[in-house]
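Participant: structure here, sequence nowhere to be found:
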């Protein structure tokens, strides 16, 4: 299992087209205080768990905060050693959560 801090090197928007003025405002590991939805799997980000919080300032959408549950944060960290298998599996969960 890779150190959770490695998740911060993973760019969840890599390959997406954006505007030149788009920028990252904050990217850190946090202990969540309230329930939120995970941007990757669509499941709940539970209070008391550690995960990733990424705040972006988009030219088109303004300020957006993306939260990632503990499992998806770990999958982002592991992407450096498993060729992205775990994070791809977590993204596939999103379609099941929506159904």
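Facilitator: Arrived safely. Here the structure is a predicted model, which is why all the values come from computation and not from measurement.

Participant: quick one, phi/psi of the most centrally placed residue in the chain?
Facilitator: Centroid-nearest residue in the chain: residue 68, 4.1 Å away (criterion: CA atoms, centre = their mean). Main-chain dihedrals, residue 68, degrees, to the nearest 10: phi -130, psi 130.

Participant: list phi and psi for the residue lying closest to it once chain neighbours are set aside.
Facilitator: Leaving aside its chain neighbours, residue 68 sits nearest to residue 52 (4.2 Å; criterion: CB to CB, 6 or more residues apart in numbering). Bear in mind the C-beta positions are built from the backbone N, C-alpha and C, glycine included. When quoted as degrees, to the nearest 10, the phi and psi of residue 52 stand at phi -100, psi 140.

Participant: check residue 83 too.
Facilitator: phi 60, psi 30.

Participant: low-confidence ranges, the protein, go.
Facilitator: Residues of the chain that meet the criterion pLDDT under 70 lie in 96-99.

Participant: about what we covered before: residues contacting the residue nearest to the centre of the chain?
Facilitator: Applying CB atoms under 8 Å, 6 or more residues apart in numbering to residue 68 gives the contacts 7, 12, 38-40, 45, 51-54, 76.

Participant: longest single helix anywhere in the protein?
Facilitator: Assignment by DSSP state H gives helix 85-98 as the longest helix of the chain.

Participant: contacts for that helix next, please.
Facilitator: Outside helix 85-98, the residues touching it (CB under 8 Å, 6+ apart) are 10, 40-43, 71-72, 74-76, 78-79.

Participant: stretch 29-40 now?
Facilitator: By CB under 8 Å, 6+ apart, stretch 29-40 touches 4-5, 7-8, 12, 43-53, 66-69, 72-73, 75, 87, 90-91, 93-94.

Participant: now the longest helix of the chain: buried residues?
Facilitator: Residues of helix 85-98 classed as buried: 86-87, 90-91, 93-94 (neighbour count, 16 or more other CB atoms under 10 Å).
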